[in-house]
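# Take this sequence and fold it.
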Amino acid sequence: IIIIIMKFNPYALIALSAFTCEAFTVPSSFRSGVSTSSSRHTKELVISSGSNRRESFKAFALKGNVERKARPKYVPGHIDDPDYVRIFDTTLRDGEQSPGATLTSDEKLEIAQNLARLGVDIIEAGFPIASPDDFAAVQQIANVVGNKVFDDGYVPVICGLSRANERDIQCAWDAVKGAKLPRIHTFIATSPIHMESKLKKTPDEVIGIAVNAVKFARSLGCDDIEFSPEDAGRSDPEFLYRVLSEVIEAGATTLNIPDTTGWNMPWEFGGLIGKLRANVKGADKVIFSTHCQNDLGLATANSLAGALNGARQLECTINGIGERAGNASLEEVVMSLALKGSTNFGPDACDNTMGSGNLYTAINPVYIHPTSRMVSEYTGMKCQPHKAIVGANAFQHESGIHQDGMIKNKSTYEIMSPESIGLMRGDAQSGAGIVLGKHSGRNAVNTRLRELGYELDSDKLNAVFERFKQVAERKKGGIEDEDLEALVSDQGAQAGMWEVSGLQVTTGMSGIPTATVQMTGPDGIERFTATTGTGPVDAVYKAIDSIVGLEVDLTDYALNSVTDGIQALATTRVVLKNKISSDANIAEVNVQTGDEFIRQFSGTGSDTDIVVSSARAYTQALNKMIAWNLRRQAESVKEESTSINPIGDAIQVNEG
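Got it, this is the predicted structure:
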């Protein structure tokens, strides 16, 4: 059974010009965060403050020409301006630990590059010891993103996570040391339940392990060391005072306080940060950080409570993805500080605050929406429509009363404009009446993609443009932004792997659904086969399995309409895993918990034909699985070689 979920066009109700948005109430500290820059692609946005004074600034949400708000010079363990809040993004580490959120190395690099454009202070690129793939991805990000210096002198810190042992720490250092600003983040659990049940260590033993870990990181030449007492939210504060004082003396520069299980209330967590700052020896020599999970839906609130009580680094992820219920959402944290940072974090609000209370970040908010879309598409984890800031309904109004208010004054129901986060509402034609269709050229497509926040290299642009032409020939009424973005995400298949080159299905109320599929393999040879199934998609998937020669389990299948109407583009997402068998060593071990799990692989595909869309998504997921299986076999020197027929029962179309 195929369920097609028609996604409502978020721009249909209100077509507002980017030149007349009037609903972004911001303090002056945030308005200066996006300053003017001249460019032929620049859009001028009109902003109204709380006193209805209209101010204009130019936001270039495409390429990075927006001048960043000046940030204090980066120094480990110190911030010159006590009002400045560092943003630590862990999308590529904690976020990727979400079930089914497997990313390729190239996808991780692209996300890291967008995080740098966004302006995050620290990028936690991964857990290098977890696998050779993770190590290579972190190292690539350190060497590429960690060495790109922007015009204003900004370069992100690249961080690698490690457990508190020398092997992990050495691996993390080897992965990140190529960056201009490398950081090691090491951790050990400190709550009674973790020490007794998981670590089976005494409190004194845990302190010894933590101190030795920091000292070893220092001995490698790393001068930027973050230490986390895992499950601090359920730890004894007196014990935290001891262990944190000891690691500061050993050389830690950032103390990250995790609410690992999302257990704390905001007043509890904020109070804990205040107590630690008051009772930990050497607290004035380090930066206190927060890492809040969202098990009770309080991750953002707890993070902000930490900032109120003096934390000056907030750890978060794009779209709030992460273990279980996820992490604090970067977009929620950043926009909360942008809108309320200058008014709600001063001495009047809290006795434990520091600085003047005029909190700010150096994030370029116009990159929030493009980065959110990239993470959503690459991980296959869609945002719920009502997700704050980046959900499809975040700037949508259906109630008649709300619509009336919006028509009269947009600030009646919107506290920020979509344009402020890079969502150009009512600007789907590039501001010049350009309608993308079958007659559009490569430059027009590339221009619109750049305006949507996508910077593609020539090879990927060519691939997207080729798919654009195929879809535009069949879809009347032009290609909309959502269609174009779906085509970009559709180009994630592994180069040199399998590709569907032909497909035909026969189905109906009478007869057996049959699919004939033709595929081009890694060797460039085309093969085809025909199979039957319970439905057209099932028949296609069985044919692909037969050609590729893999046995897999389909664990999730979702089909959505990108836009409205009978000619809408369909986007499919599938999740696969290796089929469990007695002679296949396919289980992995979570290096943090020791639990075995079967890795899952997601794929997305888009087409006006839902069967073709489904086939493309399935093939993309298979390509990821094959690449991972090959790497795993190459890495396992003890595993006996097995003879696997790579083409199953397929019939070869052409020789050599």
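
# is it true that A486 lies in a helix?
Yes - assignment of A486 by DSSP: H, G, I helix; E, B strand; the rest coil places it within a helix.

# From L461, how far off is it?
Counting by CB to CB, to the nearest Å, the separation of A486 from L461 is 16 Å. Where you see a C-beta, it was placed from the backbone N, CA and C, and this is true even at glycine.

# A136 too?
Distance from A136 to L461, by CB to CB: 25 Å.

# And N409, by the same measure?
Distance, N409 to L461, using CB to CB: 41 Å.

# Then G310?
47 Å.

# same deal with K215?
Taken as CB to CB, the span from K215 to L461 is 49 Å.

# What of S606?
16 Å.

# ok so, going back, who has more neighbours, K215 and L461?
Taking neighbours as other CB atoms under 10 Å, K215 and L461 compare with L461 leading, 19 against 15.

# excluding its backbone neighbours, what's nearest that one?
N446 (5.8 Å; CB to CB, 6 or more residues apart in numbering).

# Could you do L550 as well?
The shortest distance from L550 to any non-neighbouring residue, by CB to CB, 6+ apart, is to L622 (6.5 Å).

# which SSE is that neighbour in?
helix 610-635 (DSSP states H and E).

# what packs against that helix?
For helix 610-635, the elements it packs on are helix 132-144, strand 499-506, strand 514-520, helix 536-548, strand 552-561, strand 570-578, strand 600-607, judged by 3 or more CB pairs under 8 Å, 6 or more residues apart in numbering; DSSP states H and E.

# Just the buried positions in that helix, please.
610-629, 632 (16 or more other CB atoms under 10 Å).

# And stretch 331-349, by the same measure?
So stretch 331-349, judged by 16+ other CB under 10 Å, has buried residues 331-342, 344-346.

# coming back round to it: quick one: distance of the helix holding L622 to the chain centre.
21 Å (CA atoms, centre = their mean, to the nearest Å).

# Now do it and helix 536-548, the angle between them.
30 degrees (axes from the mean of the first three to the mean of the last three CA atoms, to 10 degrees).

# Next, the angle helix 132-144 makes with helix 610-635.
Taking the same axes, to 10 degrees, one finds helix 610-635 and helix 132-144 inclined to each other by 100 degrees.

# begin at 887 from here
Let's use 887 as the start, then, which means that last one is helix 1496-1521.

# Could you give the average pLDDT over helix 1496-1521?
Mean pLDDT, computed over helix 1496-1521, is 85.

# Stretch 1231-1251 now?
90.

# and if you look at stretch 1067-1077?
Mean predicted confidence for stretch 1067-1077 is 98.

# what's the answer for stretch 1098-1112, then?
For stretch 1098-1112, the mean pLDDT works out to 98.

# List the beta-bridge partners for the residue nearest to Q1390 when sequence neighbours are not counted.
Sequence neighbours aside, T1402 is the residue nearest to Q1390 in space, at 4.8 Å (criterion: CB to CB, 6+ apart). Using DSSP bridges, the bridge partners assigned to T1402 are Q1390, A1416.

# my guess is T1402 contacts P1422, does it?
No - between T1402 and P1422 no contact is recorded; they are 11.3 Å apart, counting by CB atoms under 8 Å.

# Need the residue closest to the centroid of this protein.
V1261 (3.7 Å; CA atoms, centre = their mean).

# hang on, that residue is in a strand, isn't it?
No - counting by three-state DSSP, V1261 is not found in a strand; it is helix.

# That one: what's it in contact with?
Residues near V1261 by CB atoms under 8 Å, 6 or more residues apart in numbering: T977, G981, I997, I1204, N1205, I1207, M1267.

# between the residues you listed, which has the most around it?
T977 (31 neighbours).

# Quick check: phi and psi on that one?
Per-residue torsions, T977: phi -60, psi -40 (degrees, to the nearest 10).

# Pretty sure it sits against E1201.
No - using CB under 8 Å, T977 is not in contact with E1201; the gap is 10.4 Å.

# Now do the same contact list for P1399.
Taking CB under 8 Å, 6+ apart, one finds V1391, T1392, T1393, T1418, G1419, T1420, G1421, P1422, D1424, A1425 in contact with P1399.

# Helices along the stretch 1287-1436 of the chain, start to end?
1328-1337, 1344-1360, 1367-1375, 1422-1434 (DSSP state H, counting those that start in this stretch).
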